[in-house]
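J.: Following is a predicted model, sequence given first.
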Amino acid sequence: MTASTGHELSPERERATLATISRRVMPLVVVGYVMAYLDRIDVGYAQLGMGTELGISAAAYGVAAGIFFIAYFICEVPSNLMLRRFGSRVWLGRIMITWGLISAAMVFVHSLNALLVLRFLLGVAEAGFFPGIILYLVSWFPENRRSVALGWLILAQPVAYILGGSVGGLILEHVHWFGLSSWRWVFFLPGAATFVVGLVTLFKLPESPARVKWLDDDQKRWLTATLDAEQGPPPNHGIRAQLAALRERRVLHLAAIFFMVQTGDYGFSFFLPLIIKQINPEYSDTNIGLAAALPFVAAGVFTVVLARAGARAKEQRMYILGPVLLTILGLVIVVLYKDQSVPAMFGICLTSVGVYAWGPAFFTMASMSISRTQAAVGIAVVNSIGNLGGFVGPYVVGLSADKGPTQGMILSIIPLVVTVVLLLVWRTPRVQPGSEASVAELSQIPG
């Protein structure tokens, strides 16, 4: 139920307001995030041709895939502070334009060193994009609608895998324009598309509820009052108050959960094309792409269903724990039945569902557990530390890939088991820190 704010709308108008916001805000945000994940997974499909042409081993590929996240870690917090300064529309548009250009520039890669440099620069350019989107959505959606909005956002990840798998395989097999190797077009075409979407974002993304014309004054007052009641007033504190999030135990606990689950997930995701190639050595590049895409259809459906199921839940932890356990089960099946294509593909499907379905609940839980003042830095810290798992996972799996990428999946299971332990000891605060309810609760404590 929406908090009482003194600026009430009828339930029908509340639903209509949130439906209008979803219709106006979510399409461009989701498209942008689809491009972000296409940018991350294209290196997996490019490796099918790039590895042979440039002589890049599985271990070296793991470093190249993961070094992106080192830069991401370094630049994430500064990027979110810049978003606070310049606004969501300008900063998110800038991020997309620069990463699109760098991704397209990979068409000129002729050595491992050049690939490492561009992958690092890509991480610098893209840093802050996902936590920036989370902050942006938190400024539009109350708690009882946020999980659904985040569900549609996380849906962009399996959609990107569906597109990346089907299109990436086709490009590898059929696109050899201007005498360039097909794997180079796997980088260039998504990069060019991202550049275009970035330009659209720069000019068309609605900045904030207060600045749009498609909400009337009553709707704006209701939304502002509701968000202020849940989160506290918009922050006007300096950088020092925001940086206090760096030493918040709750923020660091969330970051540890995210790091462990990302280590397991990315160890699987970046090596998925090679895993399918090992399971079915006779598959063409197109067949590998299609086989990799199919499990994410189920992942997309399950992600949205679970997000809706948990939309009004104050305790989001169980909606994270279930998908993580499903991921562990799927990986165990892949490892045990790697030589049997049907059960191995079933394991891949279970893993794919679990890899994405936990996301909406996790970021809903994070947004409810960090004060509005510390949200920019807090969410950036959670995301940046967590995404270091995007370096560790592929690197560790790559070291084990000489015996086949499915053997590396054993090492992906370990951090997911740690994730389960971290979730079991997590305690969600009863009210969001900094909210009106939190302030009232603190005022009643003696002394």
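T.: Thanks, I have it.
J.: is it true that His56 touches Ala64?
T.: Let me fix one detail, which is that residue 56 is Ile and not His. Yes. In this structure, Ile56 is within contact of Ala64 by CB atoms under 8 Å, at 7.0 Å. C-beta here means a position set from N, CA and C on the backbone, and glycine is covered the same way.
J.: Compare these two (neighbour count), which wins?
T.: Ala64 (25 against 18; other CB atoms under 10 Å).
J.: Quick check, the more buried one in contact with Arg119.
T.: Yes. With contacts counted by CB under 8 Å, Ala64 reaches Arg119, the gap being 5.4 Å.
J.: what's the overlap in contacts for the two?
T.: Val43 (CB atoms under 8 Å, 6 or more residues apart in numbering).
J.: picking that back up, intersection of neighbour lists for Ile56 and Ala64?
T.: By CB under 8 Å, 6+ apart, the residues touching both Ile56 and Ala64 are Leu112, Leu115.
J.: what sits against Gln316?
T.: Contacts of Gln316 by CB under 8 Å, 6+ apart are Ser147, Gly310, Ala361, Phe362, Thr364, Met365, Met368, Thr428.
J.: Buried only: go through these for me.
T.: Neighbour counting over the contacts of Gln316 (16 or more other CB atoms under 10 Å) leaves Ser147, Gly310, Ala361, Phe362, Thr364, Met365, Met368 as the buried ones.
J.: Contact partners for Thr364?
T.: Taking CB under 8 Å, 6+ apart, one finds Glu143, Arg146, Ser147, Leu150, Gly310, Gln316 in contact with Thr364.
J.: Which members of those residues occur in helices, if any?
T.: Residues of the contacts of Thr364 located in helices (DSSP state H): Glu143, Arg146, Ser147, Leu150.
J.: Look up how far Ser369 lies from the second one.
T.: By that I understand Arg146. 13 Å (CB to CB, to the nearest Å).
J.: just the helices in the stretch 251-400 of the chain please.
T.: 272-279, 285-293, 295-309, 317-336, 341-357, 359-369, 375-387, 389-400 (DSSP state H, counting those that start in this stretch).
J.: Reformat those as a markdown table; add mean pLDDT and distance to Val197.
T.: Shown next, in a markdown table, are the helices of the stretch 251-400 of the chain (pLDDT from 0 to 100; distance: least, CB to CB, whole Å):
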| stretch | mean pLDDT | distance to Val197 |
| --- | --- | --- |
| helix 272-279 | 78 | 24 |
| helix 285-293 | 73 | 21 |
| helix 295-309 | 81 | 20 |
| helix 317-336 | 90 | 28 |
| helix 341-357 | 86 | 21 |
| helix 359-369 | 83 | 21 |
| helix 375-387 | 80 | 21 |
| helix 389-400 | 75 | 22 |
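J.: Val251: which of those is closest?
T.: Counting by CB to CB, Val251 lies closest to helix 375-387 out of these; the figure is 4.7 Å.
J.: list the buried ones in that closest one?
T.: 375-387.
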